[in-house]
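Undergrad: Give me the fold of what follows.
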Amino acid sequence: MKTNPIVPYLFEKNIAFPNILVKTRFGNVHLKSLIQNKRIIIYTNPSELIPKTKKEKERFELALKQLKELNYHLIGFSKNSFEEHLFSINWLNSQLEDYLVFPIFYQPQNEAKKTLEEILSKKILIDSPIYFIDKAGNAQSILNGDVLKEKGLENIVEFASKMVLTNQSFNNPNFALKN
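TA: A predicted model of the protein is given here:
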């Protein structure tokens, strides 16, 4: 039986995620200071995540809770219009409980993608990449956010759970299964 690799062809090795400058309400900070020692998912164009129905909102909230349980932090990079960016922020802040709200930064130039292309010496042919960053600040994987199936939050939760299992150390003598 052949299985699909968890890490796409683009990242055969972990590559340091660019330490780009992001604008916050407290001033400009480097991304590394925000993601240090955390598992991060960077979602390009988070306005696509905003649910349109009550049922979609319930699934969205459940997926955010599952990501929290997996110890992943979600960050959004808005790459389209500033109005779309503001809509996303306003919706999150008004519709979600505080512990589920995640930061969204306005990055119209898509600096992360440009810098990674320079590091890799090849063009990333994805307009809206979804990055999985490990605790060391390395990009472990990219999902294709241009594909409807891959950009859904439920798919991201499923992929994140596979990443957590892949990174488990079962050789640890303190590891025990509880029945």
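Undergrad: what's across from the residue nearest the centre of the chain in the sheet?
TA: Most central in the chain under CA atoms, centre = their mean is residue 41, positioned 1.9 Å from the mean C-alpha point. For residue 41, the beta-bridge partners under DSSP bridges are residue 74, residue 132.
Undergrad: mind listing what it touches?
TA: Contact analysis of residue 41 by CB atoms under 8 Å, 6 or more residues apart in numbering lists 67, 72, 73, 74, 75, 130, 131, 132, 133, 156, 160. In short, each C-beta sits where N, CA and C put it, glycine included.
Undergrad: and residue 109, helix, strand or coil?
TA: Following DSSP: H, G, I helix; E, B strand; the rest coil, we place residue 109 in the coil state.
Undergrad: Now do it against residue 118, distance only.
TA: 13 Å (CB to CB, to the nearest Å).
Undergrad: circling back to that earlier point, now the contacts of residue 41 in JSON lines, with distance to residue 48, pLDDT and neighbour count?
TA: Shown next, in JSON lines, are the contacts of residue 41 (distance: CB to CB, whole Å; pLDDT from 0 to 100; neighbours: other CB atoms under 10 Å):
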{"residue": "67", "distance to residue 48": "16", "pLDDT": "94", "neighbour count": "21"}
{"residue": "72", "distance to residue 48": "18", "pLDDT": "93", "neighbour count": "21"}
{"residue": "73", "distance to residue 48": "19", "pLDDT": "93", "neighbour count": "16"}
{"residue": "74", "distance to residue 48": "13", "pLDDT": "93", "neighbour count": "23"}
{"residue": "75", "distance to residue 48": "15", "pLDDT": "92", "neighbour count": "20"}
{"residue": "130", "distance to residue 48": "11", "pLDDT": "89", "neighbour count": "22"}
{"residue": "131", "distance to residue 48": "15", "pLDDT": "89", "neighbour count": "22"}
{"residue": "132", "distance to residue 48": "18", "pLDDT": "91", "neighbour count": "23"}
{"residue": "133", "distance to residue 48": "20", "pLDDT": "90", "neighbour count": "23"}
{"residue": "156", "distance to residue 48": "12", "pLDDT": "90", "neighbour count": "23"}
{"residue": "160", "distance to residue 48": "18", "pLDDT": "90", "neighbour count": "22"}
